[in-house]
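K.L.:
need coordinates for the below:
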Amino acid sequence: MKWYIVRTQSNRERVVSEKLIKESSENGQLVGKIGKVIVPVERKVSARNGKKIFREKVMYPGYVFVEVASVGDLTNYLKNCAGASGLLANKGGDLQSI
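P.N.:
Down below sits the predicted model:
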């Protein structure tokens, strides 16, 4: 399995990651083809009115990291997935794993 980056709309990273996890765990077309789905977040602590508030901030807005075995099936699924705009590619249009 190789890691790829999925481009998403801002503030839709968690929604897309949940859809990918659901599609890979149930009777979807990605069963057994996705290893891990990661949305890197940073936990921040701030103080308001004397109380500690914990917030999670997405480190890379608009991107979700996916470990996948079959890239073709993933690209076909992302075409119909709301909030996702496809895989990140270089200027020549070639997909590159990270």
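
K.L.:
find the centremost residue of the protein, please.
P.N.:
In the chain, the residue lying closest to the centroid (Cα atoms, centre = their mean) is Val64, at 2.5 Å.

K.L.:
wait, what's in contact with the closest residue to that one other than its chain neighbours?
P.N.:
Excluding the flanking residues, the one nearest Val64 by Cβ to Cβ, 6 or more residues apart in numbering is Val6, at 4.5 Å. Yep, even glycine has a C-beta here, placed from its N, CA and C like the rest. Val6 makes contacts with 16, 20, 63-66, 74, 78, 84, 86-88, as judged by Cβ atoms under 8 Å, 6 or more residues apart in numbering.

K.L.:
turn those residues into TSV, columns for distance to Gly50.
P.N.:
TSV is the format used below for the contacts of Val6 (distance: Cβ to Cβ, whole Å):
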residue	distance to Gly50
Val16	37
Leu20	40
Tyr63	36
Val64	36
Phe65	37
Val66	41
Leu74	47
Leu78	45
Ala84	41
Gly86	46
Leu87	46
Leu88	43
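
K.L.:
please spell out the ChimeraX selection for the buried subset of those.
P.N.:
Of the contacts of Val6, the buried ones go into a single ChimeraX selection, burial set by 16 or more other Cβ atoms under 10 Å:
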select :16,20,63,64,65,66,74,78,84,87
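
K.L.:
now, which of the contacts of Val6 sits nearest Gly28?
P.N.:
Distance ranking of the contacts of Val6 against Gly28, using Cβ to Cβ, places Leu20 first at 9.4 Å.

K.L.:
how far off centre is stretch 79-90?
P.N.:
10 Å (Cα atoms, centre = their mean, to the nearest Å).

K.L.:
export it as CSV, just CAs?
P.N.:
Only the C-alpha atoms of stretch 79-90 are listed here, as CSV (Å, rounded to 0.1, in the frame of the first residue of the first chain):
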residue,chain,number,x,y,z
LYS,A,79,-15.5,11.5,-8.6
ASN,A,80,-18.9,10.9,-6.9
CYS,A,81,-17.9,11.9,-3.3
ALA,A,82,-19.2,15.3,-2.2
GLY,A,83,-16.5,17.5,-0.7
ALA,A,84,-13.6,15.7,-2.4
SER,A,85,-12.0,17.0,-5.7
GLY,A,86,-9.6,14.2,-6.4
LEU,A,87,-6.0,13.2,-5.7
LEU,A,88,-3.1,15.6,-5.6
ALA,A,89,-0.9,15.3,-8.7
ASN,A,90,2.2,17.1,-10.0
